[in-house]
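Peer 1: Return a 3D structure for these sequence lines:
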Amino acid sequence: MGRILTEKDVEAAVKGGSVYAAGGGGWADHGRMLGYAAVSVGKPELVDIDELDDNDWVATAAAIGAPASTTPWEMQGVDYIKAVSLLQDALGEKLTGLMVGQNGKSSTLNGWLPSAILGTKVVDAVGDIRAHPTGDMGSIGMAGSPEQMIQTAVGGNRSENRYIELVVRGATAKVSPILRTASDQSGGFIASCRNPLRASYVRDNAALGGISLALRLGEAIIAAEGKGGTAVIDTIAKTTGGTILVSGKITRKAVTYTKEAFDIGTVTLASGDVLHVMNEYMAVDTRDGQRVATFPDVITTLSSDGEPLSVGQLREGMEIFVLHVPKTVIPLSSSVLDPTVYPFVEERMGIELAKFALG
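Peer 2: Okay, here's the model as predicted:
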């Protein structure tokens, strides 16, 4: 049976989501805002995909962009609700549930407020266990599909007249860049609802159990917090099934925000290990260029207190721990196994991903 999400689940979702954010995934405070708003105005319900009928409609609730503290983004809870309403209007049918494209500092909670207000279920399925740079990577196999999809986007900085409402139809690959442009125009971060699909398709293509995985991790972190940073780091590694790949001082950070709303570059440690970034950590190479971790593995940086650090929080001279959870121990969606989602990212990053990710 479904599980009613309550106040105590909010912090667990944010904390677990922050680890799976893999260096990206928005803002923890934004996640808390969404979660606490949802549990105070209604009863958001987390359901297993098997609790839905095959023909029920499930769409993806997402936030798009790379909101740096340098961009004038503004996103309100009401924007997520409006995005869902616009999609239902365009579809002409009710949505039964919402999944999310990825876990993250706030994205794990993207479906909670619409669930509380509109009654859509929070489906325990994600497009990807971890956060990733492109919508295609969380689109559960729709990236290369010629099928007409509906995508909506809502939000923006009101005081700068950047507020946008957008409803667009077309093949996912053609409309996703439009939403990313809207995100940039709106101030760098926008709420979206997209790709309504039948529950039977979601069951076969999503990473199932992704939300409860984040909740379980968050609960373990909260239980360990009184015991100090080392205990928290050990707990995160143990609960995720991962290991600390490398730790040490950051000697160089070279990450740039691009006009396509991506943060791209590298972070180098004193050991010579290099973290490759496109919004999130996508790969780790050793000093001699040997690849030791590649998306869709979970790659996350933690402070000595065990706090997950986003790329934007990293500074030269900081001591960090790099968590690595191999793809073999997490549920994978069809989109992270889709060869067509990799060339766009490889081209911008200038490194190989697909041969490792799909190997």
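Peer 1: CA only for contacts and neighbour counts going forward, please
Peer 2: Fine.
Peer 1: State the distance from residue 289 to residue 270.
Peer 2: Between residue 289 and residue 270 the computed distance is 15 Å (Cα to Cα, to the nearest Å).
Peer 1: More neighbours: the two, which one.
Peer 2: Taking neighbours as other Cα atoms under 10 Å, residue 289 and residue 270 compare with residue 270 leading, 15 against 11.
Peer 1: residue contacts, that one?
Peer 2: 248-251 (Cα atoms under 8 Å, 6 or more residues apart in numbering).
Peer 1: Let me see the confidence value for the residue lying closest to residue 285 once chain neighbours are set aside.
Peer 2: Leaving aside its chain neighbours, residue 285 sits nearest to residue 291 (4.4 Å; criterion: Cα to Cα, 6 or more residues apart in numbering). At residue 291, the pLDDT value in this model is 98.
Peer 1: now residue 125
Peer 2: Per-residue confidence at residue 125 stands at 98 (pLDDT).
Peer 1: Count the residues that sit near it.
Peer 2: With other Cα under 10 Å as criterion, residue 125 counts 31.
Peer 1: Would you confirm that it contacts residue 205?
Peer 2: No - assessed by Cα atoms under 8 Å, residue 125 is found out of contact with residue 205, at 9.5 Å.
Peer 1: Let me see the ranges of the helices in the stretch 101-250 of the chain.
Peer 2: Counting by DSSP state H, counting those that start in this stretch, the stretch 101-250 of the chain has helices at residues 112-118, 172-186, 199-205, 210-224, 229-240.
Peer 1: One more: the stretch 251-359 of the chain?
Peer 2: Assigned by DSSP H, counting those that start in this stretch, the stretch 251-359 of the chain shows helices spanning 342-349, 354-357.
Peer 1: Pull out the buried positions in the shortest one.
Peer 2: In terms of neighbour count (16 or more other Cα atoms under 10 Å), helix 354-357 has its buried residues at 354, 357.
Peer 1: quick check: mean pLDDT across that helix?
Peer 2: Average pLDDT, helix 354-357: 98.
Peer 1: what's that helix in contact with?
Peer 2: Identification of contacts with helix 354-357 by Cα under 8 Å, 6+ apart yields 294-296, 337, 339, 342-343.
Peer 1: repeat for the first one
Peer 2: Contacts of helix 342-349 from elsewhere in the structure, counted by Cα under 8 Å, 6+ apart, are 133-134, 264-265, 276-278, 352-354.
Peer 1: Only whichever of those residues are buried, select them in PyMOL.
Peer 2: The PyMOL command for the buried members of the contacts of helix 342-349 (criterion: 16+ other Cα under 10 Å) is given here:
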select buried, resi 133+134+264+265+276+277+278+352+353+354
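Peer 1: nearest to residue 51, of the contacts of helix 342-349?
Peer 2: The nearest member of the contacts of helix 342-349 to residue 51, counting by Cα to Cα, is residue 134 at 29.1 Å.
Peer 1: OK, contacts around that closest one?
Peer 2: With contact set as Cα under 8 Å, 6+ apart, residue 134 has these partners: residue 345.
Peer 1: So it versus residue 328, what's the distance?
Peer 2: For residue 134, the distance to residue 328 (Cα to Cα) stands at 22 Å.
Peer 1: Check residue 179 too.
Peer 2: Residue 179 is 32 Å from residue 328, where distance means Cα to Cα.
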